[in-house]
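**Student:** the following comprises the amino acid sequence and a computationally predicted model.
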Amino acid sequence: MRSRLLRAFNPVSTVALIGLILACAPAFSFGFQLETRTAPVNSDGPAELPRVYIKSNVSDTPAPGRVIPVQEKDGLQQAIDKAKCGDTLKLEAGATFRGQFHFPDKSCDDGHWIVLRTSSSDADLPPEGTRITPCYAGVASLPSRPEFRCNSARNVMAKLEFASNSGSGPLAFMAGANHYRFLGLEITRASSNASITALGFPKEGSANHLIFDRVWMHGAAQDETTRALALSGMNYVAVIDSYLSDFHCVAVSGSCTDAQAISGGGGDIAGGPYKIVNNFLEASGQSILFGGGAATATPTDIEIRGNHLYKPIIWRPGTPGFVGGASGHPFIVKNHFELKNAQRVLFEGNLLENCWGGFSQTGFSILLTPKNQNNRCPACRVTDVTIRYNKINNVGGVLQIANLPSDAGGASSGGERYSIHDLLAENVHEKDYGGFGLFAMILSNAPPLRDVSIEHVTAFVPRAIFSILNPNGKLQNFTFRNNIFYSGGERQIGSAGGGPRNCAFQPDAQGPAGVLKSCFDNLVFTHNLIIGGGSWPRDNFTARDARHAGIREVSEDGTSDYRLCRQKNEPASCKEVSRAVGAASDGKDIGADIDAIEKAIAGNR
């Protein structure tokens, strides 16, 4: 039985197994103490919300100077060099400007931005606050992506293209570059079988006050483009109403291993604030990643709202129409959203679709995993993270929450104060997606994981609800309240390995209530509706299946409706009124607020 559990709930890749081995070694001291404090006023549960939000409307970035037309035959770099604060460069629509363009520090201010935009009129673009699509660059559709919604496929954008065989570009921000807005542009690289590190990056020192508005940033269909924007070394950056696609690394034959649409959290400059709102974000590794490299500072005040985090299903090996690298090897798929170094993050109203394992990861959608990568970031932390009103669909697992040493044995500065609520997770897979089919994998060693709240979640998973590894005392201040959990496996709580030192050792013998008692101190586990039975603590509800739980409809064809039954036979799938109606500890319905989630993600597809 024990060997089966270890195989079923092994939480990490071969490389990361080193961290688990260290987690089960004799306890040792890391010489630091986590901060303890009461919740701030600006909070959602235990997590402090961002303190600073970026204003990114066109009216917030005035450019009262000259309007300068730039033709394809003209030198764009020369136009950039000559531009003064407050000027607008109108780039010829339909034209291609090739090169690596350097954006210098012109010491502009909030009243005098430099705008690079298409020469097309505002009427030719989607209105402010509306996401652009490749349609506006003359591309009517992309295989296996959501259908575009625009009236014509006329190219009204200007293209900036990096044509080199190596390096990064076309956007290079010089030391101190500031107050640039990019509007209505296609930003890409030539298809050349070359590996490109980033389309936009700080070339020297730091850059600040940059806004990417209604841009299409993309790689090539089969080439390696590691990321659209490398935010490390940047402050006050907004990515809004944009479409970022085709960022991927190729397994076996490729030169990179981890691709993102947007990444940050490295280096010696404390990044943030950042605004990532109303975008389509597609990458094989992670759509968004903060951390994962050497750093001495942590980015703060990160707003991520209303985005569609997506992986085309044709990237999955064995799928009809499969697309991988030119070598035939697949792209390296990992997660949707991962934090290894970030503080005060609001992740709200996002739709996350399609994630599978088979490489170094197992298809979890969201990872909160502070990491002292290669022992070069002891300052790295993940703290004060709010995840609310999101939907996760078609993945190998939902959440991985872990405080573990790096592969080299070094601890981070901590992971704590997470507020996760009003989350809907559906179409969760296991072996067919190379995943574990779990709702949450919870791993804690150094420093201890603490202060986590999970409330008003509705999650249907094929295996266990939780898989736990904690060999060093009990986890502090966890709340699991007012959730609807469905487990289709033989057990609702499993062990993630670690032998007898793990609090979840022999979970079948302990039972769910026993594992919770062994693993948590100051635990709140109440008013949950758990479908599939099990010996749970008092003040929770159980039901043997979704029908007896009063869930409207749960099917396998993607048409499930997870709202509660309020009247018998209305709709016809309701055979009885749900006990969860109005039964939450706060007087609301148990489970996620489905209507609020649908409203928050409206228009994300």
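**Tutor:** Arrived safely.

**Student:** so Ser43 bridges to which residues?
**Tutor:** Counting by DSSP bridges, Ser43 forms beta bridges with Glu48.

**Student:** quick one: pLDDT of it?
**Tutor:** Predicted confidence (pLDDT) for Ser43: 97.

**Student:** cool, and the one 4 residues further on?
**Tutor:** Ala47 carries a pLDDT score of 98 in this model.

**Student:** need the contact list for Met441.
**Tutor:** If you count contacts by C-beta atoms under 8 Å, 6 or more residues apart in numbering, Met441 has them with 9, 11, 364, 397, 399-402, 466-468, 496. Backbone N, C-alpha and C define where each C-beta goes, glycine included.

**Student:** same for the longest helix seen in the chain, what does it pack against?
**Tutor:** With secondary structure taken from DSSP state H, the chain has its longest helix at helix 507-519. Applying 3 or more C-beta pairs under 8 Å, 6 or more residues apart in numbering; DSSP states H and E, one finds that helix 507-519 contacts strand 493-495.

**Student:** what does the longest helix of the chain contact?
**Tutor:** With C-beta under 8 Å, 6+ apart, helix 507-519 has contacts from 1, 5, 468, 470, 474-475, 491-495, 503-504, 523, 525, 534-537.

**Student:** need the buried ones from these selected in PyMOL.
**Tutor:** With 16 or more other C-beta atoms under 10 Å as the criterion, this PyMOL line picks the buried residues out of these:
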select buried, resi 5+468+470+474+475+491+492+493+494+495+503+504+523+525+534+536+537
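
**Student:** ok, Arg563 to His102 distance?
**Tutor:** The gap separating Arg563 from His102 is 54 Å, by C-beta to C-beta, to the nearest Å.

**Student:** between these two, point out the one with more neighbours.
**Tutor:** Per other C-beta atoms under 10 Å, whichever of Arg563 and His102 has more neighbours is Arg563, with 21 against 17.

**Student:** distance check, that one against Glu576.
**Tutor:** Arg563 is 14 Å from Glu576, where distance means C-beta to C-beta.

**Student:** now swap in Ala297 and tell me
**Tutor:** Counting by C-beta to C-beta - Ala297 and Glu576 are separated by 55 Å.

**Student:** ok, back up a step: mind putting the contacts of Met441 in a markdown table, secondary structure included?
**Tutor:** What follows is the contacts of Met441, written out as a markdown table (DSSP: H, G, I helix; E, B strand; the rest coil):
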| residue | secondary structure |
| --- | --- |
| Phe9 | helix |
| Pro11 | coil |
| Phe364 | strand |
| Gly397 | strand |
| Leu399 | strand |
| Gln400 | strand |
| Ile401 | strand |
| Ala402 | strand |
| Phe466 | strand |
| Ser467 | strand |
| Ile468 | strand |
| Ala496 | coil |
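
**Student:** more neighbours: which of Ala297 and Glu576?
**Tutor:** A side-by-side neighbour count of Ala297 and Glu576, using other C-beta under 10 Å, places Ala297 first with 18 against 13.

**Student:** ok, that one - contacts?
**Tutor:** Shown in contact with Ala297 (C-beta under 8 Å, 6+ apart): 267-271, 379.

**Student:** quick one: secondary structure of it?
**Tutor:** At Ala297 the chain is in coil, as set by three-state DSSP.

**Student:** state the mean pLDDT of stretch 139-153.
**Tutor:** 89.

**Student:** the spatially closest residue to Gly219 that is not a sequence neighbour and Gly410, how far apart?
**Tutor:** Spatial nearest neighbour of Gly219, excluding adjacent residues (C-beta to C-beta, 6 or more residues apart in numbering): Thr225 at 2.8 Å. Distance from Thr225 to Gly410, counting by C-beta to C-beta: 31 Å.

**Student:** sorry, back to before: top of the contacts of Ala297 by neighbour count?
**Tutor:** Tallying neighbours with other C-beta under 10 Å puts Gly271 at the head of those, with 28 neighbours.

**Student:** show the contacting residues for that residue.
**Tutor:** Residues near Gly271 by C-beta under 8 Å, 6+ apart: 231-235, 264-265, 297, 299-300.
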